[in-house]
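Peer 1: Requesting a structural model of the entry that follows:
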Amino acid sequence: MRDKSHGEQVERWAEYVKHNSDWKIKLKGFLDAQIIMARRFYKKLGETEEGRKKILELRGIKTS
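Peer 2: Below is the predicted model:
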């Protein structure tokens, strides 16, 4: 565990999820935006040779 405050935050989030069944609906917009931004980032990064190498490195794919 990182530290006490991190553990406390995890516990608060677990309690929130347990008692608020609509948590997914409330976060959907935020989560969708995060996915969209990540896809844009990887698409842009993949436009260069160096970027494609970095993507492979990040994904743990070995090249020759």
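Peer 1: where does the spatially closest residue to R52 that is not a sequence neighbour land on pLDDT?
Peer 2: In space, and not counting its chain neighbours, R52 is closest to G46: 5.4 Å by C-beta to C-beta, 6 or more residues apart in numbering. Any C-beta I mention is one placed from the backbone N, CA and C, and that applies to glycine too. Among the per-residue scores, G46 shows a pLDDT of 95.
Peer 1: G46: neighbour count?
Peer 2: Per other C-beta atoms under 10 Å, the neighbour tally for G46 reads 13.
Peer 1: close enough to count as contact, it and L56?
Peer 2: No - with contact defined as C-beta atoms under 8 Å, G46 and L56 do not form a contacting pair (10.0 Å).
Peer 1: quick one, helices of the chain?
Peer 2: Taking DSSP state H, the helices of the chain run over residues 4-19, 23-45, 49-58.
Peer 1: Return the angle between stretch directions for the last one and helix 23-45.
Peer 2: Read it as helix 49-58. When axes from the mean of the first three to the mean of the last three C-alpha atoms, to 10 degrees is applied, the directions of helix 49-58 and helix 23-45 differ by 130 degrees.
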